[in-house]
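Asks: structure for the following, please:
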Amino acid sequence: MLDLRKNLGNTDRIIRSIIGIILLWLVISKSLTGWWTTIALVFAVFQFVEAVWGY
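Replies: Next up, the predicted model:
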């Protein structure tokens, strides 16, 4: 049976948010180019989604 309880604490949410902010900053400042930009942007969005919903 699946256990769908939330497993993110406040510390984990803060860390995920910081990672997302750093990745977005790297994309906006154009420190990353090419496919790395797309990968960093997608990863940053996933970090924010997990931090907000905490599934």
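
Asks: would you mind measuring from the residue nearest to the spatial centre of the chain to Trp25?
Replies: With distances taken as C-alpha atoms, centre = their mean, the residue of the chain nearest its centroid is Gln47 (1.7 Å). Look at Gln47 and Trp25: by C-beta to C-beta, to the nearest Å, they are 13 Å apart. Any C-beta I mention is one placed from the backbone N, CA and C, and that applies to glycine too.

Asks: swap in Val52?
Replies: Distance check for Val52 against Trp25: by C-beta to C-beta, it reads 19 Å.

Asks: circling back to that earlier point, I'd say the residue nearest to the centre of the chain and Arg16 touch.
Replies: Yes: in this structure, Gln47 is within contact of Arg16 by C-beta atoms under 8 Å, at 4.6 Å.

Asks: what about Thr11, which SS state?
Replies: When classified by DSSP: H, G, I helix; E, B strand; the rest coil, Thr11 comes out as helix.

Asks: could you check how many residues crowd around it?
Replies: 8 (other C-beta atoms under 10 Å).
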